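Asks: my questions concern the predicted model and sequence given below.
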Amino acid sequence: MPRIRRAFRSEIILNRSSNAAAQRWPLFSRQKLRRAAHVMGPTLIALAFAGVSSGVAHAQGTMDFSGAATLMATFKTFAIYAGAVICFGGLIFAGIRMMSGRFQDAIPGLFGALFGAGVLGWGAGWIGSLTGQSM
């Protein structure tokens, strides 16, 4: 009895006329080329003229940074007030601890006052240097 063997996909030999890909439209038909030219034509013309006009002076807009300068002045004012409040709060905290005789507990308050002074001086000075303003 003859044995029937299953053929694998790679063993199947298709006739060219039965292949679905061969019956499709060609890759570059006249209709496809005409449609591509119709779609890409305006873009190609614009790019061609853009290369020609590179020697012509172009108008450039100006940027207004007055809002940014106002914002930085606000940050500088906040740094001054925040530094003063932190420094004053640290001194009050340290003073209360010192008056009660706990000098070792007053050290964090003194560092807080030092930090507030740094925010007040260096922070506001740095922000003012970014905008060209002085203290």
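Replies: Now that the structure is in, tell me what you want to look at.
Asks: please enumerate the helices of the protein.
Replies: 30-52, 66-99, 103-118, 124-131 (DSSP state H).
Asks: what average pLDDT does the last one get?
Replies: Helix 124-131 shows an average pLDDT of 82 in the prediction.
Asks: what distance do you get for the most centrally placed residue in the chain to Gly61?
Replies: Residue closest to the average C-alpha location in the chain (Cα atoms, centre = their mean): Ala68, at 18.2 Å. Using Cβ to Cβ, to the nearest Å, Ala68 is found at 16 Å from Gly61. Just so you know, the C-beta spots here come from the backbone N, C-alpha and C atoms, and that holds for glycine as well.
Asks: now do the contacts for the nearest residue to Gly128 once chain neighbours are set aside.
Replies: In space, and not counting its chain neighbours, Gly128 is closest to Lys76: 5.5 Å by Cβ to Cβ, 6 or more residues apart in numbering. Lys76 makes contact with Ala124, Ile127, Gly128, Thr131, Gln133, according to Cβ atoms under 8 Å, 6 or more residues apart in numbering.
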